[in-house]
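Q: structure for this input, please:
(one chain, ligands or ions: 1)
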Amino acid sequence: MVADLSQIVQSRRLVVKVGSSLLVEGGKPRDAWLESLVQDLTKLRESGVEIIVVSSGAIALGAARLGLDKGGRGSLADAQAAASVGQIGLAGLWSEKLGAQGLTAAQMLLTLEDLEDRRRYLNASATLARLLEAGAVPVVNENDSVATDEIRFGDNDRLAARVAQAAGADAVLLLSDVDGLYDRDPREEGAKLIERVDGVTREVMAMASDGSSSGMGSGGMVSKLQAAQMAGRAGIALAIISGTREWPIDNALATGRGTLFLPHRSDGARKAWLGGRVAPKGTLRVDKGCAEALKGGASLLAAGVVGISGNFQRGDLVSIVAMNGEVLAQGLAEYDVGDVQAIAGKREGDQAERLGYAPRSAVVHRDHLVLL
Ligand code: GLU
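A: Numbers count the residues shown, from 1 in each chain. The predicted model follows:
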């Protein structure tokens with residue numbers, strides 16, 4: 001069990017996420033800083049920690065090369081073009097800097113769908129495992145050139161949490177331009193750094209001020225908390241530390257400054273994957289009794305469904321929310337949306353006639369459902 005920051009770096013397998021504003025300044029890579037980080041990573045490797053890097057910076061680097069305004073984030077087309085140009089440089093940079101320390105970089109560009117689809121997720125997972133076994137350092141980024149607005153992470157914080165899951169890592173370190181989560185906007189007087197968070201509750205979420213202070217990446221504290229939530233559910237510890245100084249990891253360990261999110265629970269591998277999916281196709285609203293039953297481990301039955309939105313088919317991911325909008329769970333629908341509409345609120349005995357076939361045992365079976 002990870003109890004403090006220093007234990008994060010004693011993990012067996014660690015994902016280190018580096019934001020754009022740390023890597024890129026004025027459209028150019030921050031070479032000296034990156035070299036210092038790579039020295040930190042080399043030290044960790046020498047102490048037996050396997051490292052996976054999740055690196056942003058493609059859009060920022062490419063936008064400068066192409067002369068695009070708004071850092072290449074003015075439109076999706078700009079971001080895609082900028083990422084195409086910048087990713088070459090970014091991968092080259094990691095390859096060069098890791099190479100100088102005798103380490104081999106391996107580029108992996110992933111889309112959200114690569115990780116939402118179970119088979120593709122397992123493929124990515126196998127590649128990561130083989131790369132680590134072969135001694136390489138995977139350097140992962142979202143494949144922004146082909147990602148579209150609807151189907152992308154858009155921030156590398158959640159990507160890092162998902163990659164950690166796919167790689168079976170035990171911790172994630174987010175290097176940021178802030179040194180952790182504050183109880184309010186860190187620019188406000190009296191704002192306090194929270195050293196340790198045991199569960200990302202609504203109250204914790206409310207502490208995050210939206211938007212990234214640098215404006216270069218797309219992360220911000222909200223996406224970091226979402227990443228912490230995803231990691232926590234998969235039994236993975238996550239820490240946010242400042243990356244602004246050189247040798248950022250060494251520095252954070254020396255000062256002990258940062259926020260550690262304790263891992264919460266560990267679902268089985270398949271349920272952890274399901275719980276980490278981020279793009280539900282629809283939403284089912286359920287009544288109070290049904291919400292209680294779900295919390296107790298029951299399947300979602302048609303009788304408790306009071307509202308349906310979205311357009312989903314049997315097997316698609318749906319989000320399950322309470323009457324007050326609180327997200328309770330997500331899981332795989334046993335029916336297409338039309339059939340759920342036909343049987344919502346109905347008891348089992350009344351369902352066959354409406355469906356025209358024998359009803360399944362649930363709308364979302366508990367084996368394919370994860371409480372959030
Ligand atoms: N994937 C984006 C890039 O390489 C960064 C996403 C983010 O800002 O987190 O530029």
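Q: for the stretch 51-200 of the chain, which segments count as helices?
A: All helices of the stretch 51-200 of the chain, identified by DSSP state H, counting those that start in this stretch, fall at 58-66, 76-100, 112-116, 118-133, 156-167.
Q: is it true that Ser145 touches Gln80?
A: Yes - contact status for Ser145 versus Gln80: in contact at 5.0 Å, counting by C-beta atoms under 8 Å. For the C-beta atoms, the positions are set from N, CA and C on the backbone; glycine is no exception.
Q: quick one on the thing from earlier: how about the helices of the stretch 51-200 of the chain in a markdown table, adding mean pLDDT?
A: Below are those laid out as a markdown table (pLDDT from 0 to 100):
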| stretch | mean pLDDT |
| --- | --- |
| helix 58-66 | 96 |
| helix 76-100 | 97 |
| helix 112-116 | 91 |
| helix 118-133 | 94 |
| helix 156-167 | 95 |
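Q: any idea which of those helices is most buried?
A: Of these, the one with the most neighbours on average (mean count of other C-beta atoms under 10 Å) is helix 156-167, at a mean of 28.
Q: any idea how far it is from the chain center?
A: 5 Å (C-alpha atoms, centre = their mean, to the nearest Å).
Q: and it, what does it pack onto?
A: For helix 156-167, the elements it packs on are strand 13-18, strand 50-55, helix 112-116, helix 118-133, strand 136-142, strand 171-176, helix 220-233, judged by 3 or more C-beta pairs under 8 Å, 6 or more residues apart in numbering; DSSP states H and E.
Q: looking at the ones you listed, which is nearest to Pro280?
A: Smallest distance to Pro280 across these (C-beta to C-beta): 9.9 Å, for helix 112-116.
Q: now check the closest one, is it near the ligand?
A: No - taking C-beta under 6 Å from any ligand atom as the criterion, helix 112-116 and the ligand are apart, separated by no less than 11.4 Å.
Q: mind listing residues that contact that helix?
A: With contacts defined as C-beta atoms under 8 Å, 6 or more residues apart in numbering, helix 112-116 is touched by 120-121, 123-124, 142-143, 147, 151-153, 162-163, 166, 276-279, 317.
Q: out of the residues you listed, which touch the ligand?
A: Glu142.
Q: and the closest residue to Leu109 other than its chain neighbours, how many neighbours?
A: Spatial nearest neighbour of Leu109, excluding adjacent residues (C-beta to C-beta, 6 or more residues apart in numbering): Asn143 at 3.9 Å. A count of nearby residues for Asn143, using other C-beta atoms under 10 Å, gives 20.
Q: hang on, Asn143 packs against Thr111?
A: Yes - Asn143 lies in contact with Thr111 (C-beta under 8 Å); the separation is 4.9 Å.
Q: ok, for the spatially most central residue of the chain, nearest residue in space, not its chain neighbours?
A: The residue lying closest to the centre of the chain (C-alpha atoms, centre = their mean) is Arg158, at 1.8 Å. Distance criterion C-beta to C-beta, 6+ apart; nearest residue to Arg158, sequence neighbours excluded, is Ala227 at 4.9 Å.
Q: that older thread, the residue nearest to the centre of the chain: what's it in contact with?
A: Ser223, Gln226, Ala227, Met230, Val278.
Q: now it: how far from the ligand?
A: 9 Å (C-beta to the nearest ligand atom, to the nearest Å).
Q: could you do Gly356 as well?
A: To the ligand, Gly356 is 47 Å away according to C-beta to the nearest ligand atom.
Q: in the stretch 251-372 of the chain, what residue comes closest to the ligand?
A: Going by C-beta to the nearest ligand atom, the ligand is nearest to Val278 of the stretch 251-372 of the chain, at 14.0 Å.
Q: SS state for that residue?
A: At Val278, secondary structure determined by DSSP: H, G, I helix; E, B strand; the rest coil is coil.
Q: check contacts around it.
A: Leu112, Glu116, Phe153, Arg158, Arg162, Met230.
Q: of those residues, closest to the ligand?
A: Among the contacts of Val278, and counting by C-beta to the nearest ligand atom, the member closest to the ligand is Phe153, at 7.6 Å.
Q: so for that closest one, what's the nearest residue that isn't a sequence neighbour?
A: Leu159 (4.6 Å).
Q: how much space between the residue of the stretch 251-372 of the chain closest to the ligand and Lys17?
A: The gap separating Val278 from Lys17 is 16 Å, by C-beta to C-beta, to the nearest Å.
Q: rewinding a little: report pLDDT for the residue nearest to Leu109.
A: Asn143 carries a pLDDT value of 95.
Q: that one: what's it in contact with?
A: Contacts of Asn143 (C-beta under 8 Å, 6+ apart): Leu109, Leu110, Thr111, Asp114.
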